[in-house]
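Novice: Quick check, what structure comes out for this input:
(one chain, ligands or ions: 2)
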Amino acid sequence: MTTKTGHVEVICGSMFCGKTDELIRRLRRATIARQKVQVFKPAIDGRYNLEKVTSHAGSEFDATPLNSSREIVEQLAECTTVVAIDEAQFFDDNIVNVVDELAARGLRVIVAGLDLNFKGEPFGCMPVLMARAEQVDKLQAICMVCGEPACRTQRLVNGRPARYDDPVIIVGASELYEARCRLHHEVPRD
Ligand code: TMP
Ligand code: MG
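Specialist: Ligands and ions are numbered 1, 2, ... in the order given. The predicted model follows:
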């Protein structure tokens, strides 16, 4: 059964704010309601288990790793009513069209990803997805320095803040990144 009107939900925020936990919570509720869900993630993020989305807290849900956003449409089963995409910031720009197409077909699309990269700048396709979504939930982590709500992700290389001209994409977890508030987020430029 497909719902008549599809829609897009975005879950965003810094690392360690619970995006994947929230995604999994929504998917479990959909599964209890016997909705058919499919979960996709970019193959780039093989931190824990390639065939699952995994939260920092350890929750997991089966997922299909993909190399391009076009494969989402190719892999879609006819009975699916809920599509979830984790780590959306790593997908190519065409993800925006794919997400719109799925919603136009009447599907519920739940997208989770980083709104900002380590520099504190909008990350890939996320700002456009957020603008086009019906619902956006921006979660906050806790600043590792002061304990206030954190909206940014600090990248640390050998314990020092990563520089502005460092590569945007480096897969990792707490060995490289921590959540920071605006005040304690550092990006040295020279
Ligand atoms: P998470 O949102 O599930 O915690 O995972 C974010 C992933 O993105 C993690 O593998 C680290 C990576 N990442 C980058 O590649 N560049 C960045 O600027 C940031 C902040 C994270
Ligand atoms: Mg995550």
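Novice: Now Y164: closest residue in space that isn't a chain neighbour?
Specialist: Nearest residue to Y164, sequence neighbours excluded (Cβ to Cβ, 6 or more residues apart in numbering): R189, at 4.6 Å. Placement of C-beta: from N, CA and C, glycine included.
Novice: and the one you found, how far is that from Q89?
Specialist: According to Cβ to Cβ, to the nearest Å, R189 stands 22 Å off from Q89.
Novice: higher neighbour count, these two?
Specialist: Q89 (24 against 7; other Cβ atoms under 10 Å).
Novice: Verify the stated contact: the more buried one with L116.
Specialist: No: the pair Q89 / L116 is not scored as a contact, 9.2 Å apart, by Cβ atoms under 8 Å.
Novice: So for the two, which residues contact both of them?
Specialist: Residues touching both Q89 and L116 (Cβ atoms under 8 Å, 6 or more residues apart in numbering): F123.
Novice: Ligand 1 contacts on this structure?
Specialist: Neighbours of ligand 1 within the chain, by Cβ under 6 Å from any ligand atom: 15, 19-20, 45, 47, 114, 117-118, 153, 168-172, 177.
Novice: quick one: which of those is most hemmed in?
Specialist: In terms of neighbours by other Cβ under 10 Å, the residues of the chain next to ligand 1 top out with K19 at 29 neighbours.
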